[in-house]
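> sequence plus predicted model, see below.
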Amino acid sequence: MSTLNGNENGHQNGNGTSLFRAGAPSRGAMFALFQPPPVDAIAVEERAASFAKRSIKKATKVAGLKLSIAMMDLTTLEGKDTPGKVRQMCQKALRPLESDPSIGSCAAVCVYPNFVSVAKDALRGSGVHVASVATAFPSGQSPLAVKLDDTRRAVEFGADEIDMVIDRGAMLAGDYAKVFDEIAATKEACGQAHLKVILETGELGSYDVVRKASDLAIAAGGDFIKTSTGKIQPAATPPVTLVMLEAIRDHYYATGRRIGMKPAGGVRTAKQALHYLVLLKETLGDAWLTPELFRFGASALLNDVLMQLEKERTGNYQASEDFSKD
Ligand SMILES: O=C[C@H](O)COP(=O)(O)O
């Protein structure tokens with residue numbers, strides 16, 4: 001259990017100074033004492049599965065598919081990424097289907113910090129945001145000063161949104177104050193950029209820890225909570241997303257503040273995307289059915305959504321080669 005004194009915990013910001021007044025309990029240390037409600041795993045899994053069984057009318061399906069494009073953070077996070085690949089992806093995010101201008105842009109592209117300025121140039125004036133992973137993504141296993149520097153640089157390069165990773169080792173060891181204080185420091189380093197906090201739920205081991213990490217990320221200042229990096233399996237799943245949405249709902253009831261949600265990793269089909277939208281609507285209501293509050297983090301979802309939209313329009317499936325690469 002962490003001490004109530006933040007300075008005794010030794011949690012510091014990137015400048016090496018304590019984040020908190022001497023002698024004052026850190027918010028992170030106080031948060032460590034808070035116990036979220038236990039999660040009933042069977043009930044969560046049954047409820048999440050029940051949303052997949054809903055039948056959706058054609059008009060609603062088409063609207064849902066277009067909304068999922070508008071909510072998409074089109075992502076490339078590979079060691080082999082190049083400026084050319086990022087520019088191509090930006091064109092795809094701007095105009096997903098050349099032949100159909102009625103299909104609007106994605107919400108954002110998500111890239112490594114090295115490609116933020118390339119993406120910013122390609123998207124200038126479009127309203128499509130540039131999100132960048134930072135904080136030593138995907139492991140987060142670097143000193144806090146390095147992670148904060150990573151964040152500040154991505155913002156300087158032009159990132160509108162920062163996707164940070166939490167310290168899963170600290171989370172699992174019960175050092176909640178450390179996790180909290182790192183998120184709070186990263187939020188400060190973001191300045192005007194929005195902060196998405198990646199929990200990497202596939203490493204957290206139980207829904208109870210996912211719930212605790214969700215509450216912690218929200219309390220520490222995250223604008224969004226995000227399931228996964230896409231580098232660890234399992235990544236986003238409907239039950240994990242439901243647990244996180246319930247944390248967002250409870251926070252909204254308690255404070256009136258709306259936090260966003262981003263399932264990411266392994267969301268590849270239009271059917272999955274619609275399932276997530278039903279889960280979202282049923283848990284948080286229509287107010288969250290907006291890119292301001294919900295995103296899909298996905299590298300390969302867009303073409304399947306476009307294929308389904310073409311099928312709804314023409315009655316026929318197009319070959320996947322008919323669509324440019326995501
Ligand atoms: O943040 C987004 C994820 O990295 C994308 O994962 P994915 O390649 O499984 O779609």
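Everything's here; your move. Remember, predicted model here, so these are calculated numbers, not experimental data. Numbering: from 1, shown residues only.

> not counting its neighbours along the chain, what's nearest whichever residue of the stretch 1-150 of the chain sits closest to the ligand?
Relative to the ligand, the nearest point of the stretch 1-150 of the chain is Thr75 (4.2 Å; CB to the nearest ligand atom). (Glycine included, C-beta is placed from N, CA and C.) Computed as CB to CB, 6 or more residues apart in numbering, the closest residue to Thr75 that is not its neighbour in sequence is Cys110, at 4.1 Å.

> with Arg152 instead?
Closest to Arg152 by CB to CB, 6+ apart is Ala189, at 5.2 Å.

> which other helices and strands does the helix or strand hosting Asp73 contact?
Using DSSP states H and E, Asp73 falls within strand 72-75. Judged by 3 or more CB pairs under 8 Å, 6 or more residues apart in numbering; DSSP states H and E, the packing partners of strand 72-75 are helix 83-94, strand 108-111, strand 296-298.

> quick one: strands adjacent to the second one?
Put plainly, it is strand 108-111. strand 72-75 (parallel), strand 129-133 (parallel) (DSSP bridges).

> tell me who's in contact with Val128.
90, 93-94, 105-109 (CB atoms under 8 Å, 6 or more residues apart in numbering).

> again with Tyr112
Neighbouring residues of Tyr112 by CB under 8 Å, 6+ apart: 77, 81, 132-133, 137.

> my guess is Ala236 contacts Val267, does it?
Yes - using CB atoms under 8 Å, Ala236 is in contact with Val267, at 5.6 Å.

> can you pull the residues that touch both of those two?
Gly297.

> how many residues are close by the residue in the chain that the ligand sits nearest to?
The ligand sits closest to Gly230 of the chain, with a gap of 2.5 Å, by CB to the nearest ligand atom. The number of residues packed around Gly230, counting by other CB atoms under 10 Å, is 22.

> check Gln233 too.
Gln233 is flanked by 9 other residues according to other CB under 10 Å.

> do Ser324 as well
15.

> which of the contacts of Tyr112 tops the neighbour count?
Ranking the contacts of Tyr112 using other CB under 10 Å puts Ser132 first, with 31 neighbours.

> got the confidence number for that one?
Looking at Ser132, its pLDDT is 98.

> the one 10 residues further on now?
Turning to Ser142, the model gives it a pLDDT of 98.

> which non-adjacent residue is nearest it?
Ala136 (3.8 Å).

> quick one, what contacts that neighbour?
Ala136 sits next to 142, 146-147, 150, 165 when contact means CB under 8 Å, 6+ apart.

> remind me which helix or strand it belongs to.
Using DSSP H and E, Ala136 is not contained in any helix or strand.

> please apply the same query to Val278.
helix 270-284.

> and Leu195, by the same measure?
Going by DSSP H and E, Leu195 is part of strand 194-198.

> next: Ser102.
Taking DSSP H and E as the definition, Ser102 sits outside all helices and strands.

> got the contact list for the strand holding Leu195?
With contact meaning CB under 8 Å, 6+ apart, strand 194-198 is reached by 131, 137, 160-166, 183, 186-187, 217, 220-229, 260, 262, 264, 295.

> from these, which land in helices?
Judged by DSSP state H, the contacts of strand 194-198 include 183, 186-187, 217 as members of helices.

> sorry, back to before: so how far is the helix or strand the residue nearest to Arg152 falls within off the chain centroid?
Per DSSP H and E: Ala189 is located in helix 176-190. How far helix 176-190 lies from its chain's middle: 16 Å, per CA atoms, centre = their mean, to the nearest Å.

> now do the buried residues in that helix.
Within helix 176-190, the residues that count as buried by 16 or more other CB atoms under 10 Å are 176-190.

> rewinding a little: make JSON lines from the strands paired with strand 108-111 and add distance to Asp40 to it.
Output for those, formatted as JSON lines (distance: least, CB to CB, whole Å):
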{"stretch": "strand 72-75", "distance to Asp40": "31"}
{"stretch": "strand 129-133", "distance to Asp40": "33"}
